[in-house]
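1. Need coordinates for the following:
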Amino acid sequence: MPLDIREVNRPITEIYDVFVKVTDGCSHGKCIYCPFFKEPYRRLSVQEIEEEAIWAKGWCEDQGEEPKRAFLQGADAFSQPFETLMAAAEYIYREMPWVKSIGSYARVDNFRDKTVDQIRQLKEAGYSDIYVGIESGDPRILKRNKKGYTPEDIREQMQKLDEAGMVWTGNFLNGLGGHRYGDKHARLTAALYKDLKPVSIEVMSLTLMEGTKLYKKGMRGSFQEATEEERLEELWVFLTCLENETVIRCRNVSNAVKLAGRLPRDKQKLLDEIDRALEKGVDFDRERIRKL
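-> Got it, this is the predicted structure:
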């Protein structure tokens, strides 16, 4: 079936893209905090992806738009093999010659079956700014939340992207460790990013969503969410420890305080903004986020 435009999932920075579906569901589907992509995982065939590209072209023509970027749909489009991703690029450019680059979400383990040379070829084919769900650099937190990979796995696969020259964005899931665990979580995640080259790091704040296993743990009392103040303190430690030259964005709807800046240039400014927010007090309705 053609992509339902109402079900598009994309980062805030990809709002003006054209969207082409290449997978259904998530290749992992076990993260205990994630409320998305619960349909069965399936890789679309090359023929189906060609049909999706044709449908996307028609949608653009109906809207009178020529987006310069395509964003592949599916929880982790890079779970498709190298050959399929190359074919997807071919169809997108053939049908929509105005498109200049292609992005997607990805899991760390999506790159295990791809060599550095293959990733370089994907980059040359226009793939750029891939959003990789790193979430944490704490082995305990990764295991507890069933992410399916370790900090060592993350470093190994992201180093392949760096070697290939692929532009990628990582993330930090603020509060994933829960109550009174922010300091260690922040320090280990900042350490994980050291010597890696994310063009940006997106910060989101954990929200327990109804229906997830982590939400059920919260209801039973076996997991306690970090307070809003604890999340800001954790973010302060993360930014303090982060040594990368990169862009930081805290603009997700889940963030109590919206921040953005370039490190190291804007580090002190960002830290000062967090300090002011802590001094003022944090008034944030997380229940509203649960209902979105």
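2. quick one: the strands in the stretch 51-200 of the chain?
-> Using DSSP state E, counting those that start in this stretch, the strands of the stretch 51-200 of the chain run over 69-73, 101-103, 105-106, 130-132, 168-174, 200-205.
3. Using CSV, lay out those together with mean neighbour count, distance to P151 and mean pLDDT.
-> Using the backbone N, CA and C atoms, a C-beta is placed for each residue, glycine as well. Below are the strands of the stretch 51-200 of the chain laid out as CSV (neighbours: other CB atoms under 10 Å; distance: least, CB to CB, whole Å; pLDDT from 0 to 100):
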stretch, mean neighbour count, distance to P151, mean pLDDT
strand 69-73, 25, 27, 97
strand 101-103, 22, 25, 98
strand 105-106, 26, 17, 98
strand 130-132, 24, 14, 98
strand 168-174, 25, 12, 98
strand 200-205, 22, 16, 97
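4. Just the terminal-to-terminal distance for stretch 124-139.
-> 34 Å (CA to CA, to the nearest Å).
5. Correction: the previous question concerned stretch 217-225.
-> Start-to-end, stretch 217-225 (CA to CA) is 10 Å.
6. outside of it, which residues touch it?
-> I32, G175, G178, H179, L206, L208, L214, R286 (CB atoms under 8 Å, 6 or more residues apart in numbering).
7. angle of the lengthiest helix in the chain against strand 69-73?
-> The longest helix of the chain (DSSP state H) is helix 46-63. Counting by axes from the mean of the first three to the mean of the last three CA atoms, to 10 degrees, helix 46-63 lies at 130 degrees to strand 69-73.
8. Only the C-alpha atoms, please, for helix 46-63, written as CSV.
-> Presented in CSV, the C-alpha positions along helix 46-63 are these (Å, rounded to 0.1, in the frame of the first residue of the first chain):
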residue,chain,number,x,y,z
VAL,A,46,12.6,-3.4,-4.8
GLN,A,47,9.5,-3.4,-6.9
GLU,A,48,7.4,-2.0,-4.0
ILE,A,49,9.9,0.7,-3.3
GLU,A,50,9.8,1.7,-7.0
GLU,A,51,6.0,2.0,-6.6
GLU,A,52,6.4,4.1,-3.5
ALA,A,53,8.7,6.4,-5.3
ILE,A,54,6.2,6.8,-8.1
TRP,A,55,3.4,7.5,-5.5
ALA,A,56,5.7,10.1,-3.8
LYS,A,57,6.3,11.8,-7.1
GLY,A,58,2.5,12.1,-7.6
TRP,A,59,2.1,13.5,-4.1
CYS,A,60,4.7,16.2,-4.8
GLU,A,61,3.0,17.1,-8.1
ASP,A,62,-0.4,17.3,-6.3
GLN,A,63,1.1,19.6,-3.7
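9. buried set for that helix?
-> V46, I49, E50, E51, E52, A53, I54, W55, A56, K57, W59, C60 (16 or more other CB atoms under 10 Å).
10. all helices for the stretch 1-150 of the chain, in order.
-> For the stretch 1-150 of the chain, applying DSSP state H, counting those that start in this stretch gives helices covering 46-63, 82-95, 116-124, 139-144.
11. Might you report the residue contacts of L242?
-> A190, Y193, I201, I248, L263, K267.
12. can you list contacts of the longest helix of the chain?
-> So helix 46-63 is in contact with 2-3, 5, 18-22, 44, 66-67, 70, 84, 87-88, 91-92, 94-96, going by CB under 8 Å, 6+ apart.
13. Are any of the residues you listed buried, and if so which?
-> Judged by 16+ other CB under 10 Å, buried ones among the contacts of helix 46-63: 3, 18-22, 44, 67, 70, 84, 87-88, 91-92, 95-96.
14. Pick the one among the residues you listed closest to W168.
-> A70 (16.7 Å; CB to CB).
15. For that closest one, give the beta-bridge partners.
-> With beta bridges defined as DSSP bridges, A70 has these partners: V18, I102.
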